[in-house]
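K.L.:
Build me a model from this:
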Amino acid sequence: MLSKADVLVPDWPAPPSVQALQTTRAGGVSAAPYDTLNLGLHVGDHPLSVAVNRQRLSGLLPSEPVWLDQVHGTTVVEAGHTGCIPRADAIVTRNLNAVCVVMTADCLPVLLCDVHGTVVGAAHAGWRGLAGGVIESTVKAMQVDPAQLMAWLGPAIGPQSFEVGNEVRETFISQDSLATQAFTPLGESGDGKYLADLYALARLRLKSMGVDRIYGGGFCTYSDRERFYSYRRDGQTGRMASLIWLGQG
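P.N.:
Okay, here's the model as predicted:
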């Protein structure tokens, strides 16, 4: 079983019925470059190591998580109405002890719940998912007034590390001119490169939907090698999990 010291607990005022945690790279058995708590079966790690890691994680959970086949899209599934491994990038539930999960290694995990503790959700929001509307799709799938929702932004590549081209910037600005503030030109010449702030882009999307209670967002997977996996930094690497469920209030 994992130790509580191996995971992060979201710092947000969620109601007592809402339980959530964020894994780091600590507490598992995988060898380098997946050391040690890789939870992704699709990254080249030994399947037995991943199975042991997932078993260790299960000691902190009320049930087996509903793992997703993530494709940087906007499909949302319900935890109680899925196949074996649904192809989706977000998941919601109103069912007690059904564990929603998304995996990341630079992309932004977004956990959501309502203030009354009746529905929870998790979204995998890289820049493609953000631009495509995965946050909007998740909020709509939760079927409550967005003003009653709160969000926690988990570990993602930070605004000082996420270099993108002008095409990414234009994609967001064409949808919302306020997105300009999330991009900083890289160097004096520019060369069409920018530093992008995934957290700022996510906050814009959430607020445009009416979600004003937004927490987290102070991490950087790229620069924090000790705690987090980063695909942009390492290429071949593991995956972390962001999990949320409804427990007993």
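K.L.:
Can you mark which positions in stretch 7-27 are buried?
P.N.:
By neighbour count on 16 or more other C-beta atoms under 10 Å, the buried set for stretch 7-27 is 7-8, 10, 12, 14, 17-27. C-beta here means a position set from N, CA and C on the backbone, and glycine is covered the same way.
K.L.:
which one among those residues gets closest to R205?
P.N.:
The nearest member of the buried residues of stretch 7-27 to R205, counting by C-beta to C-beta, is W12 at 17.7 Å.
K.L.:
what pairs with the residue nearest to the spatial centre of the chain across the strands?
P.N.:
Computing the C-alpha centroid of the chain and ranking residues by C-alpha atoms, centre = their mean puts P109 first, at 1.1 Å. Residues in a beta bridge with P109, per DSSP bridges, are H124.
K.L.:
thought it was touching P155?
P.N.:
Yes. Taking C-beta atoms under 8 Å as the definition, P109 is a contact partner of P155 at 7.3 Å.
K.L.:
pLDDT weak spots in this protein?
P.N.:
Along the chain, the parts satisfying pLDDT under 70 run over 82-83, 188-190, 249.
K.L.:
where do the contact lists of P109 and P155 overlap?
P.N.:
Jointly contacting P109 and P155 under the rule C-beta atoms under 8 Å, 6 or more residues apart in numbering are Q22.
K.L.:
Which two among the buried residues of stretch 7-27 are spaced furthest apart?
P.N.:
Pairwise distances across these (C-beta to C-beta) peak at 29.2 Å, for the pair S17 and R25.
K.L.:
distance of the closest residue in space to R225 that isn't next to it in sequence from G132?
P.N.:
Spatial nearest neighbour of R225, excluding adjacent residues (C-beta to C-beta, 6 or more residues apart in numbering): R233 at 7.1 Å. According to C-beta to C-beta, to the nearest Å, R233 stands 24 Å off from G132.
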